[in-house]
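[1] no letters, just coordinates:
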């Protein structure tokens, strides 16, 4: 298993800042696959409620994408610390894995607006839900491919 090099400087910075922590042991391959199955079920649930409840569908899609990113980190023996963990997961995933994960932080901010609305917030538009569902599915699939590739090894400084 080769050492993952992508986003090295950003991960080292997040560790130094205390936003990421090292786990005693990286997550097992079986656990990662099982957790990605949870993500896929969340996406299925999001698709089911999308027409009648776009805010909930968006939140489910975001949660599936965020959890997929967190799985990748845990496969490397890394975990976001409690405070600001969603932002840390989004940053670490975007820095290391590119592709669809580059949009995770934007969805994190949108989800924050859904969860903590002001009187001026209109909620999530159905078009945004459709795009978020596609992006979240791409993130989960990318995570599945990375886990299956065997390229994720414990993070080493």
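    Sure, I can see it. Please read all numbers here as calculations on a predicted model, not as lab measurements.

[2] quick check, central residue of the chain?
    residue 66 (2.3 Å; Cα atoms, centre = their mean).

[3] grab the longest helix from the chain for me.
    In the chain, assigned by DSSP state H, the helix with the most residues is helix 126-149.

[4] next, the buried residues of the worst-scoring helix or strand of the chain on mean pLDDT.
    When each helix and strand of the chain is scored by mean pLDDT, DSSP states H and E, helix 104-115 comes last, with a mean of 89. Using 16 or more other Cβ atoms under 10 Å as the test for burial, helix 104-115 gives 104-105, 107-108, 110-111, 113-114. Using the backbone N, CA and C atoms, a C-beta is placed for each residue, glycine as well.

[5] okay, these in JSON lines with distance to residue 75 next?
    Shown next, in JSON lines, are the buried residues of helix 104-115 (distance: Cβ to Cβ, whole Å):
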{"residue": "104", "distance to residue 75": "17"}
{"residue": "105", "distance to residue 75": "21"}
{"residue": "107", "distance to residue 75": "21"}
{"residue": "108", "distance to residue 75": "21"}
{"residue": "110", "distance to residue 75": "26"}
{"residue": "111", "distance to residue 75": "24"}
{"residue": "113", "distance to residue 75": "30"}
{"residue": "114", "distance to residue 75": "29"}
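
[6] tell me the one of these nearest residue 135?
    residue 107 (7.2 Å; Cβ to Cβ).

[7] got a list of what that closest one touches?
    58, 61-62, 65, 132, 135-136 (Cβ atoms under 8 Å, 6 or more residues apart in numbering).

[8] tell me which of those is nearest to residue 143?
    residue 65 (8.8 Å).

[9] which residues sit against the helix or strand harbouring residue 89?
    Assigned by DSSP states H and E, residue 89 falls within helix 85-97. Applying Cβ under 8 Å, 6+ apart, the external contacts of helix 85-97 come out as 4, 6-7, 10-11, 14, 19-20, 66, 69-70, 72-73, 78, 80-81, 101-102, 104-105, 108, 139, 142, 146.

[10] mind listing what's buried in it?
    Residues of helix 85-97 classed as buried under the neighbour-count rule (16+ other Cβ under 10 Å) are 86-97.
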